[in-house]
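*Asks:* test case, fold it:
(one chain, ligands or ions: 2)
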Amino acid sequence: MEEREIQVGLLGLGTVGTGVASIIKHHQETLSHQIGRKIVIKRALVKDKKKVRESWLSNLELTENANDIIEDPSIEAVIEVMGGIEETRLLVERALKEKKHVITANKDLMAEHGSTLLQMANEQKCDLFYEASVAGGIPIIRTISEGLSADKLTKIMGIVNGTTNYMLTKMSANNRTFDDVLLEAQELGYAEADPTADVDGIDAARKMAILSSLAFSSPVQIEDVSVKGIRQVSDVDLAFCQQLGYTMKLIGVAQKDEGQIEVRVEPTLLPNAHPLANVHNEFNAVLVHGEAVGETMFYGPGAGSLPTATAVVSDLVAVMKNMQRRVNGYSYQTPLFQSTFKTEDEIQSQYFIRLHVYDRAGTFAAVTNLFAQHDVSFEKLLQLPLENQTELAEIVLVTHSSSVAIIKKLLIALNQLSAVDKVASYYRVEGGE
Ligand SMILES: NC(=O)C1=CN([C@@H]2O[C@H](COP(=O)(O)OP(=O)(O)OC[C@H]3O[C@@H](n4cnc5c(N)ncnc54)[C@H](OP(=O)(O)O)[C@@H]3O)[C@@H](O)[C@H]2O)C=CC1
Ligand SMILES: N[C@@H](CC=O)C(=O)O
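*Replies:* Ligands and ions are numbered 1, 2, ... in the order given. Okay, here's the model as predicted:
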């Protein structure tokens, strides 16, 4: 090994791993200019060495045995881009015990085991950085933990999953089907190996747990996040959204109010003029609100090989700068305060509600009476015959802000009303009042 080299081990050489290798190869000059050392990938762990890979990767030494990286004393930093939780956790723990710095893009791992791993890294005087785990190429973790560290953050609201944003964009603008656009997002390398986590909102929920833990200095677990994915979003919902002047996005919201936290992820309607309504395809954006700074917004590609790899390699640069200063082991702040979580009675929200009703005299009056009984007022409204049906019609409305608990009671009562066939769908509306 040349004296001015740093040897790193790659755990994984898929979409992100290949991007990391590419950046290290093509940006070597810029990187070594910053850190004074050349970065060399000593070895990459893969599942299947025989798999056909891009020809320029043929110089990389591949292994199917993680020990070849974890137990190699010449490797000073390990980049984990293989995904998964349990097997990966053991590898990361072993790497830290071997006093190797770790960089990971794995939000599943960090949302589940982040605090334990960070504590371990701290004890071992090793860095554990995870910028790529949230919002791909947007440096949002460093922004929250360093750039805005002087402020008291009160709200984070964002699009933090590239796959579902890509899907909703294509479904809304091009009338494409869910399965068709999901396949395309997989082919483009945006989706997880198992895309269930993307479409069911779990990936976004993990990212919101990571962001809110940092922003509010409180431990937020995945179980604390209320989650709904985009599976049930229909072309009819998207068409009504457009008619009423809204855009549907999978939105993550985390807010802290008088010590109480609320974190959720769900398909949400935004007025078309809302900044997040204009974030399309695989792009992500995060609005961060602080008491002193007011509102800030961060935008960029949320998934994909090179954007994500940029975050990973920037973490490696941070590790190497810390090595030069001998200050490794203090990766971002660790949660300090315990918080309580808000109940549905304490959360106020607007809702879009679509009903299938029996098309007869008195139906509309029965529906509006029920809204009045629950003290829920509404403004926007469409009432249309239901396609291919003689006896059913569709009522679409947007409520004014009400407590979520009351809206839920109203939805149950609507389902029981004889004038109503069913509540066809309902979504939260953000930024509308
Ligand atoms: N794709 C993206 O846009 C983003 C991904 N991430 C995260 O980055 C990580 C990697 O994602 P991505 O690159 O898309 O995943 P891929 O599925 O494309 O790549 C995974 C790589 O890890 C290897 N691997 C997987 N499991 C094992 C195992 N048990 N033993 C040895 N090698 C293994 C695979 O080997 P082989 O090549 O032989 O199959 C492959 O090289 C995940 O945690 C993901 O959530 C984060 C932000 C964005
Ligand atoms: N599957 C994820 C990849 C990046 O985290 C996404 O689509 O956002």
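
*Asks:* strands of the stretch 101-250 of the chain, start to end?
*Replies:* Taking DSSP state E, counting those that start in this stretch as the criterion, the stretch 101-250 of the chain carries its strands at 101-104, 128-129, 153-159, 226-227, 246-257.

*Asks:* turn these into TSV, columns for mean pLDDT.
*Replies:* Listed next are these as TSV, based on pLDDT from 0 to 100:
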stretch	mean pLDDT
strand 101-104	98
strand 128-129	97
strand 153-159	98
strand 226-227	97
strand 246-257	97
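
*Asks:* I'd like the ones you listed as TSV, with mean neighbour count appended.
*Replies:* To be clear about C-beta, it is placed using only N, CA and C from the backbone, and glycine gets the same treatment. As requested, the strands of the stretch 101-250 of the chain are exported to TSV (neighbours: other CB atoms under 10 Å):
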stretch	mean neighbour count
strand 101-104	28
strand 128-129	26
strand 153-159	24
strand 226-227	18
strand 246-257	24
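
*Asks:* got the residues of the chain near ligand 1?
*Replies:* Within the chain, the positions near ligand 1 by CB under 6 Å from any ligand atom are 12-17, 45-48, 51, 81-84, 87, 105-106, 132, 136, 189-190, 192-193, 303-304, 308.

*Asks:* what's the neighbour count on Ile141?
*Replies:* Residues lying near Ile141 (other CB atoms under 10 Å) number 24.

*Asks:* who are the neighbours in contact with it?
*Replies:* Contacts for Ile141 (CB atoms under 8 Å, 6 or more residues apart in numbering) come out as Tyr130, Glu131, Ser133, Val134, Ile210, Leu211, Leu214, Tyr332.

*Asks:* over to Gln242?
*Replies:* Gln242 sits next to Ser172 when contact means CB under 8 Å, 6+ apart.

*Asks:* can you list the domains in the protein?
*Replies:* 5-136+306-325, 140-301, 344-429 (automatic domain parsing).

*Asks:* for ligand 2, find the nearest of these.
*Replies:* domain 140-301 (3.4 Å; CB to the nearest ligand atom).

*Asks:* can you get me the start-to-end distance on the closest one?
*Replies:* 12 Å (CA to CA, to the nearest Å).

*Asks:* who in this structure is up against ligand 2?
*Replies:* By CB under 6 Å from any ligand atom, the residues of the chain that approach ligand 2 are Gly136, Asn161, Gly162, Thr163, Tyr190, Ala191, Glu192, Asp198, Asp203, Gly302, Ala303.

*Asks:* how about 8 Å then?
*Replies:* Contacts of the chain with ligand 2, taken as CB under 8 Å from any ligand atom, map to 105, 107, 132-136, 160-166, 185, 190-192, 195, 197-198, 203-204, 207, 282, 284, 302-303, 308.

*Asks:* show me which of those residues are buried.
*Replies:* Burial by neighbour count, 16 or more other CB atoms under 10 Å: within the residues of the chain next to ligand 2 this picks out 105, 107, 132-136, 160-166, 185, 190-192, 195, 197-198, 203-204, 207, 282, 284, 302-303, 308.

*Asks:* in helices, which of those residues fall?
*Replies:* Counted as lying in helices by DSSP state H, out of those, are 107, 162-166, 185, 197-198, 203-204, 207, 308.

*Asks:* what ranges does the chain have for its helices?
*Replies:* With DSSP H, the ranges of helices along the chain come out as 15-26, 28-35, 67-70, 86-97, 107-123, 140-142, 162-174, 178-187, 196-199, 202-216, 235-244, 305-325, 363-373, 404-416.

*Asks:* what packs against the first one?
*Replies:* Secondary-structure packing of helix 15-26 (3 or more CB pairs under 8 Å, 6 or more residues apart in numbering; DSSP states H and E): strand 5-11, strand 38-45, helix 305-325.

*Asks:* in the longest one, which residues are buried?
*Replies:* Across helix 305-325, burial judged by 16+ other CB under 10 Å covers 305-316, 318-320, 322-323.
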